[in-house]
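S.K.: 3D model of this:
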Amino acid sequence: MRGGDRGRRLGGGPDGSTDAVAQIAGPPAVADDGIPVPQLAAVAATATPCDDPAFTSALAAGDDAAVIDAAGGGQAFRAAVASGIAPCVSLSDPNREWLVVNKQRPYDPVDYQPGDLVMPAGVRALEDSALRAPAAHALTSLVKAASAAGVGEIGYLSAYRSYTTQKSTYAGRVAVGGVAEADRESARPGFSEHQSGMAVDIVPCNGSCKTLDDVAASPQGAWVRDHAWEFGFITRYAEGRESVSGYEPEAWHLRYIGPELARAYHEGGFTTLEEFFGLPAAPTY
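M.R.: Residues are numbered from 1 along each chain as shown. The predicted model follows:
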C-alpha cells in the first residue's frame, strides 16, 4: 500500500510504527571523570602600603620622610592615599606634613598646638612667630637660595598662630567686612593652616619690607612660584582655585609639605591639596 511506503520513508518500521523521535541526537555521553570545570585565574589582592612592615613602622615612629620613602616616593605615596588603598594614613593628623586643613576639615583637637616650634634662623621676622622645626629649616634654606639668586630678601609676617590668636584675627576681619568677606580671606579658629605651624606668610624686603599684597608682582614672588617646591613648600591658595580651596589667591601663603610631596605636587601640575589627595572641594563651611 502507498500508505505503507510513505511510513517507511519517514522512518517507520515493518509494522508501520514511526521512530522519527529516536533519530534526534541527544547530549553527548558524559566522560567517566565528570563534566569539565572551568579554570579561573586567581586575582591578586591590590598591594597596599599598609601591609608593608617598613611603612607601618615608620608611620608609628612619626618619621614622615621614612613613610614616604617606604611607599616608593612622593608620587607613589600620593597615588596610594588618593586612591584609597592606604587607609592607615590619616590626612587629619595635625602632626603630619601631609595634613589637610580646610573649611570642611578642622583640627582634632580644635585647639591643637605643635610641640616643635622654632624661629627660622637668618630670616627676617616681622612678628614673633615660629614654625615647626622642619618648616623653619626649609624656610631658612629657601631665603638663602633666593638671596643667592639675586632676587632680593624674603622676610615673613606671620607663621604659627594659636587657636586663640586666630579667634582674634578672624573676629577682626568680620568686624571690618562681615562674615562672608572674612570667610574668603581668613580662616575661622580651628580651621587655619597657620595653626599647624607649617604655613608662613612671606613678604618681599629691600631694605624695608613691603606688604603681603606686594608679593605676587615682586621678583621674590616670581622666584618663589618657580622654586619653593625645591624646599618642600607649595603656594597653598592659587589663582583661580577659590571654588576648591575656599580662599582668594594668596601668593604670600606658603605651606610646607616636605620635599618629596612638594616635588610630586609640582611635577603633577597640582594647584590644590584637595585635588592632590583626592579630597572633595571645600569652598564653604
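S.K.: going forward, measure contacts and count neighbours with C-alpha atoms only.
M.R.: Fine.
S.K.: Which parts of this structure are strands?
M.R.: Assigned by DSSP state E, the strands in the chain fall at 117-118, 131-132, 153-158, 199-206, 208-209, 233-237, 250-256.
S.K.: These into a markdown table, with extra columns for mean neighbour count?
M.R.: As requested, the strands of the chain are exported to a markdown table (neighbours: other C-alpha atoms under 10 Å):
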| stretch | mean neighbour count |
| --- | --- |
| strand 117-118 | 18 |
| strand 131-132 | 24 |
| strand 153-158 | 22 |
| strand 199-206 | 23 |
| strand 208-209 | 13 |
| strand 233-237 | 26 |
| strand 250-256 | 25 |
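S.K.: Adding mean pLDDT and distance to F277 as columns, could you present these in TSV?
M.R.: As requested, the strands of the chain are exported to TSV (pLDDT from 0 to 100; distance: least, C-alpha to C-alpha, whole Å):
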stretch	mean pLDDT	distance to F277
strand 117-118	98	26
strand 131-132	98	22
strand 153-158	98	26
strand 199-206	98	18
strand 208-209	98	35
strand 233-237	98	13
strand 250-256	98	15
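S.K.: can I get those strands in a markdown table with distance to A125?
M.R.: Output for the strands of the chain, formatted as a markdown table (distance: least, C-alpha to C-alpha, whole Å):
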| stretch | distance to A125 |
| --- | --- |
| strand 117-118 | 12 |
| strand 131-132 | 11 |
| strand 153-158 | 5 |
| strand 199-206 | 9 |
| strand 208-209 | 10 |
| strand 233-237 | 18 |
| strand 250-256 | 14 |
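S.K.: Flag the shaky bits of the stretch 1-150 of the chain, pLDDT-wise.
M.R.: By pLDDT under 70, the low-scoring segments of the stretch 1-150 of the chain are 1-46.
S.K.: Which parts of it are helices?
M.R.: Chain-ordered helices for the stretch 1-150 of the chain, with DSSP state H, counting those that start in this stretch as the definition, fall at 2-9, 53-61, 64-71, 74-83, 133-148.
S.K.: Mean neighbour count and distance to V174 added to these, as CSV?
M.R.: As requested, the helices of the stretch 1-150 of the chain are exported to CSV (neighbours: other C-alpha atoms under 10 Å; distance: least, C-alpha to C-alpha, whole Å):
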stretch, mean neighbour count, distance to V174
helix 2-9, 12, 103
helix 53-61, 16, 40
helix 64-71, 20, 37
helix 74-83, 18, 35
helix 133-148, 19, 30
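S.K.: Can you lay out these as CSV showing distance to P106?
M.R.: Formatted as CSV, the helices of the stretch 1-150 of the chain follow (distance: least, C-alpha to C-alpha, whole Å):
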stretch, distance to P106
helix 2-9, 91
helix 53-61, 22
helix 64-71, 21
helix 74-83, 19
helix 133-148, 21
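S.K.: what does stretch 155-162 contact?
M.R.: Contact partners of stretch 155-162, identified using C-alpha atoms under 8 Å, 6 or more residues apart in numbering, comprise 111, 113, 123-127, 129-131, 143, 194-205, 209.
S.K.: Show the end-to-end separation of that stretch, please.
M.R.: Distance between the boundary residues of stretch 155-162 (C-alpha to C-alpha, to the nearest Å) amounts to 21 Å.
S.K.: ok, now stretch 86-96?
M.R.: Across stretch 86-96, the terminal residues are separated by 15 Å (C-alpha to C-alpha).
S.K.: again, but for stretch 102-116
M.R.: 22 Å.
S.K.: neighbours around A47, how many?
M.R.: 11 (other C-alpha atoms under 10 Å).
S.K.: Relative to Y107, how far out is it?
M.R.: 30 Å.
S.K.: now swap in R225 and tell me
M.R.: According to C-alpha to C-alpha, R225 and Y107 sit 28 Å apart.
S.K.: For those two, indicate the residue with more neighbours.
M.R.: Each of R225 and Y107 has its neighbours counted (other C-alpha under 10 Å); Y107 has more, 23 against 16.
S.K.: List the contacts of that one.
M.R.: 92, 94, 101, 190-191.
S.K.: about what we covered before: do you know which of the helices of the stretch 1-150 of the chain lies nearest A262?
M.R.: The closest of the helices of the stretch 1-150 of the chain to A262 is helix 74-83. By C-alpha to C-alpha, the value is 7.9 Å.
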